[in-house]
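Engineer: Here is a sequence with its predicted model. Questions after.
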Amino acid sequence: MSLALAPALDFSVELGAELPCRKFDPDLWFSDAPAELELAKSLCGECPLKVECLSGALEREEPWGVWGGEIFERGAVVARKRPRGRPRKDDLAREAALVAETEARVAAVTARESVRLAA
């Protein structure tokens with residue numbers, strides 16, 4: 001599905017009017033720097049065509065860039081783009097700690113929800 005044929009397109013939105021990818025430097029959405037890609041993802045947050053953009057990119061299997069607030073690499077959505085080269089050991093340890101913290105938070109929320117539903 002291309003953006004031009006997206007069924008959920010809201011025609012009250014003027015194409016290109018306030019779309020972040022049209023307002024800012026287009027190279028930002030195709031940068032090699034992970035920090036710039038994160039900035040592009042954050043700029044997509046309030047875009048009125050975010051869903052259509054993402055669905056079109058998934059259908060076209062875009063090889064890289066930020067589409068619909070997600071980073072694509074080799075045709076697949078990735079959570080974060082890693083910089084070139086081998087990751088530093090402290091970065092790997094920090095990432096493992098973040099994963100463990102996220103899993104603990106998800107488990108806590110799930111436990112609260114199951115207690116709330118049981119009550």
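Structural biologist: Ah, there it is. Numbers count the residues shown, from 1 in each chain.

Engineer: For the host helix or strand of Glu95, name the packing helices and strands.
Structural biologist: In the assignment (DSSP states H and E), Glu95 maps to helix 89-118. The contact analysis (3 or more CB pairs under 8 Å, 6 or more residues apart in numbering; DSSP states H and E) places helix 89-118 against no helix or strand. (Each C-beta comes from the backbone N, C-alpha and C, glycine too.)

Engineer: Distance-wise, check Pro20 relative to Glu61.
Structural biologist: Note on Pro20: its distance to Glu61, by CB to CB, to the nearest Å, is 23 Å.

Engineer: more crowded one of those two?
Structural biologist: Pro20 (19 against 10; other CB atoms under 10 Å).

Engineer: doesn't Leu43 make contact with that one?
Structural biologist: Yes: with contact defined as CB atoms under 8 Å, Pro20 reaches Leu43; the gap is 4.0 Å.

Engineer: so where's this structure shaky on pLDDT?
Structural biologist: 1-17, 82-84, 87 (pLDDT under 70).

Engineer: ok, now which ones touch the most centrally placed residue in it?
Structural biologist: Central residue of the chain (CA atoms, centre = their mean): Glu70, 2.3 Å from the mean position. Neighbour list for Glu70: 41, 54, 57, 77 [criterion: CB atoms under 8 Å, 6 or more residues apart in numbering].

Engineer: Which two of those residues have the greatest separation?
Structural biologist: Lys41 and Ala57 (12.9 Å; CB to CB).

Engineer: Check the secondary structure at the residue nearest to Glu38 when sequence neighbours are not counted for me.
Structural biologist: Of all residues not flanking Glu38 in the chain, Arg80 sits nearest, at 7.4 Å (CB to CB, 6 or more residues apart in numbering). Of the three states, Arg80 takes coil under DSSP: H, G, I helix; E, B strand; the rest coil.

Engineer: Relative to Glu113, how far out is Arg80?
Structural biologist: From Arg80 to Glu113 the distance is 27 Å (CB to CB).

Engineer: same thing with Gly75?
Structural biologist: 35 Å.
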